[in-house]
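Q: what follows is a predicted structure for the sequence shown.
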Amino acid sequence: MTDYSFTILCLATDPKGFPLLQECKRQGAYVILLTRDKWRGADWPWDSLDEVHFRPDLRTQPDVTLHVASLARQRRLDQIIALDDYDVEMVAALRGHLQIDGMLETTARRFRDKLAMRVQARQAGILVPDFVRAVNGAEIADFLRRVSPPWMLKPRDEAGAIGIRKLHTEQEVWDSLNTLGDRYSYYLLEQFIEGDVFHVDSIVAEGRVLFTVVNQYGRPPMSVLHQGGIFSSFTLPRRSETAQALTLLGREVVTAMGLERGVAHTEFIRRRAGGRLFFLETAARVGGAHLDRLIEAATGLNPWTEWARLELTSLRGETYHLPSAREDYAGLLICLARQESPDLTAYDASEVVWRLNSDHHAGLLVASPDPDRVQALLAEYGGRFVGDFLAVQPPPAKGDR
């Protein structure tokens, strides 16, 4: 029998984090995956998994805690990791219940609850769009008088842009709130800001941000989710004023939220009128939509892999050392496709480093030491995607995942 040094349990509401699972196994850990029944047939890296357990849902308590406690009776769990944004608070609760080192519930809330993270950021002096909790009628009415429309109604516990509604009149706001029933307080109202959206992705060890890369979305993710079109992101020139400002802001957010070890994906918006940068949201996870591949293409570092190295280094009582990173540039394009298996062979520039293999999706990555070359390819290929592949479907409803 193999003598495993550590046992790592990973929770995954959806299939992701494969490089982390593979790196944990490569370093000799015993890797257990807990995921949902619907993903029994997913293309998991099965060779890197020692045990796989399935449940109908990873949110139901005390069922999940009882399941994990039964696993802990059979094998000591050294660390529990949330692979999906929806798993962050559950994993924090499990760590607290079993008294395992790592982020606990108070800190986890700041990375999952859109209201909590805004309150924390504002208290730290970080600029945020004006907002109000959807709890007290007088507070909401005052907010609607003070802040010009439109407004954003946001679920506090959803990931990214899912479930967000843009409202233009006070009547729309009150009607929308009234439809929520007992879920009223699980939302917030926020000032709508028009502008460019950026994501700052970080690696954190011992409370210090060791690595940051700044990328800009081609269109705000909410626009793509609700209106359709092509999702894109690209690396900003590192010595640009915007990239340097966002690097500092990203560090401020991570510090304010209290992340001690792991990765962070933080989003900001640059207001079109005036150019000021506002904090939108943060997450203690790797960005979705293949953004890890974008980061790796530009820097040579995969945040999933480094997260695994961070956790295992901590368990060994050693100091994590960040590998050397490149300073290249990369761009990502993804869209829904009319074809079941889109043919991307005609997209054959030497800078294409990856093509997406997923039903009814077209996607690719380009990388180059020259940011202008990346921009030129994104413009050319993005235009061709529209004619060759692009399909549009209604946005997912809240909770459809």
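A: That came in fine, so what should we check first? None of the values given here were measured: they were computed from a predicted structure. Residues are numbered from 1 along each chain as shown.
Q: give me the residue at the spatial middle of this protein.
A: The centroid of the chain falls nearest to Gly287 when counting by Cα atoms, centre = their mean (3.3 Å).
Q: tell me how far that one lies from Ile203.
A: For Gly287, the distance to Ile203 (Cβ to Cβ, to the nearest Å) stands at 13 Å. Heads up, the C-betas are built off the backbone N, CA and C, glycines and all.
Q: cool, Ser48 as well?
A: With Cβ to Cβ as the criterion, Ser48 and Ile203 are 21 Å apart.
Q: of the two, which one has the most company?
A: Taking other Cβ atoms under 10 Å, Ser48 and Ile203 do not tie; Ile203 has more neighbours (24 against 18).
Q: which stretch of helix or strand covers that one?
A: strand 195-205 (DSSP states H and E).
Q: list the buried residues in the following helix or strand past that strand.
A: Going down the chain from strand 195-205, the next helix or strand is strand 208-217, by DSSP H and E. Within strand 208-217, the residues scored as buried using 16 or more other Cβ atoms under 10 Å are Val209, Phe211, Thr212, Val213, Val214, Asn215, Gln216, Tyr217.
Q: adding pLDDT and distance to Leu322, write those residues out as TSV.
A: Below are these laid out as TSV (pLDDT from 0 to 100; distance: Cβ to Cβ, whole Å):
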residue	pLDDT	distance to Leu322
Val209	97	10
Phe211	97	6
Thr212	97	11
Val213	98	12
Val214	98	17
Asn215	98	19
Gln216	98	23
Tyr217	97	26
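Q: can you give me the strands in the stretch 251-400 of the chain?
A: For the stretch 251-400 of the chain, the strands defined by DSSP state E, counting those that start in this stretch occupy 262-271, 277-283, 329-336, 352-355, 361-368.
Q: report the rounded mean pLDDT for the longest one.
A: Right, the one you point to is strand 262-271. The average pLDDT within strand 262-271 is 97.
Q: that one - contacts with which helices or strands?
A: Strand 262-271 makes packing contacts with strand 195-205, helix 241-257, strand 277-283, helix 303-315 when contacts are defined by 3 or more Cβ pairs under 8 Å, 6 or more residues apart in numbering; DSSP states H and E.
Q: residues in contact with the residue nearest to the centre of the chain?
A: The contact partners of Gly287, taken as Cβ atoms under 8 Å, 6 or more residues apart in numbering, are His199, Asp201, His265, Ile295.
Q: any idea how far apart the tips of stretch 23-34 sit?
A: 17 Å (Cα to Cα, to the nearest Å).
Q: ok, and what's touching that stretch?
A: Taking Cβ under 8 Å, 6+ apart as the rule, stretch 23-34 contacts 4-12, 21, 44, 47-55, 58, 64, 67-68, 71, 75, 77, 304-305, 308-309, 311-312.
Q: the stretch of helix or strand Arg122 belongs to - contacts with which helices or strands?
A: Element membership for Arg122, per DSSP H and E: helix 114-123. In terms of contacts (3+ Cβ pairs under 8 Å, 6+ apart), helix 114-123 is packed against helix 105-112, strand 131-133, strand 187-191, helix 241-257, strand 277-283.
Q: mean pLDDT, mean neighbour count and distance to Asp175 added to the ones you listed, as a markdown table?
A: Shown next, in a markdown table, are these (pLDDT from 0 to 100; neighbours: other Cβ atoms under 10 Å; distance: least, Cβ to Cβ, whole Å):
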| stretch | mean pLDDT | mean neighbour count | distance to Asp175 |
| --- | --- | --- | --- |
| helix 105-112 | 95 | 21 | 27 |
| strand 131-133 | 96 | 19 | 17 |
| strand 187-191 | 96 | 22 | 13 |
| helix 241-257 | 97 | 19 | 34 |
| strand 277-283 | 97 | 22 | 25 |
